[in-house]
Structures are given as C-alpha cells and as structure tokens.
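> sequence first, predicted coordinates after that:
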Amino acid sequence: MDSILYKLHLAAAKACGEDRSCRDKVRYGSEETARESADAMNLKGDRKYLLEHYPCPFCDGWHLGRHMSIDELLQVTKGMRFL
C-alpha cells in the first residue's frame, strides 16, 4: 500500500472510531497476511462487497473491511489533517 493510501486509511479509521475500525475485528500482524486473507475471502462467490486490508491506528495491526474508493476515503476524512 503506498504511503498516501496508508495515511488515508489511518485517518478514515480514526474518523470512524475504534468501535467500528478495530474492536471485535481479527488483528493481522502484517500487511501481507491481511492482504492475502482479503484476497482469499474475495474469491468466495457469496460476498456482498469486496474486502480490503487497512492499517489500524488503535492496535497497530491490520484489519479487513469493505473496500473504500479514494473518493469515499476523502469524504470520510474531509477536514482532517493527515498528510
């Protein structure tokens, strides 16, 4: 994940809060394992939406969540200073 997208995801997670971004989610210890898990789950045909991995500012791990476009990330983080 490039550094700007990484920072956008961190800011979006902070904006959404720990309850929605971290608590009760599986914590992956590395970006690679989280990405591999998201890719494997996305291959299943019963998904309502694509999953993606994202860094967590609360536990310093990685989690999986609904894929968010750059526009969605920018909307969630609107007005936040993250760069």
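It's in. Numbers count the residues shown, from 1 in each chain.
> centroid-nearest residue for the chain?
Tyr54 (2.7 Å; C-alpha atoms, centre = their mean).
> run through the residues that contact that one.
By C-beta atoms under 8 Å, 6 or more residues apart in numbering, Tyr54 lies in contact with 9, 12-13, 34, 62-65. Just so you know, the C-beta spots here come from the backbone N, C-alpha and C atoms, and that holds for glycine as well.
> ok, now with 6 Å
In this structure, Tyr54 makes contact with 9, 65, judged by C-beta atoms under 6 Å, 6 or more residues apart in numbering.
> quick one: buried residues of the helix or strand harbouring it?
Assigned by DSSP states H and E, Tyr54 falls within strand 51-55. Neighbour-count burial for strand 51-55, with 16 or more other C-beta atoms under 10 Å as criterion, is recorded at 51-55.
> quick one: low-confidence parts of the protein?
81-83 (pLDDT under 70).
> now do the strands in it.
Secondary structure of the chain (DSSP state E): strands located at 51-55, 62-66.
> reformat those as TSV; add distance to Ala38.
What follows is these, written out as TSV (distance: least, C-beta to C-beta, whole Å):
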stretch	distance to Ala38
strand 51-55	4
strand 62-66	5
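> any idea which of those gets closest to Lys44?
When the strands of the chain are compared by C-beta to C-beta, strand 51-55 sits nearest Lys44, at 9.8 Å.
> how far does that closest one sit from the chain's center?
With C-alpha atoms, centre = their mean, to the nearest Å as the basis, strand 51-55 stands 4 Å off its chain's centre.
> what of stretch 46-58?
5 Å.
> how far does that stretch stretch from one end to the other?
Using C-alpha to C-alpha, to the nearest Å, one end of stretch 46-58 lies 30 Å from the other.
> so what strands line up beside the strand holding Tyr54?
strand 62-66 (antiparallel) (DSSP bridges).
> where's Gly45 relative to Glu31, distance?
Separation of Gly45 from Glu31 (C-beta to C-beta, to the nearest Å) stands at 26 Å.
> can you list contacts of stretch 42-52?
Residues outside stretch 42-52 that contact it (C-beta under 6 Å, 6+ apart) are 38, 41, 64, 66-67.
> all good on my end, thank you.
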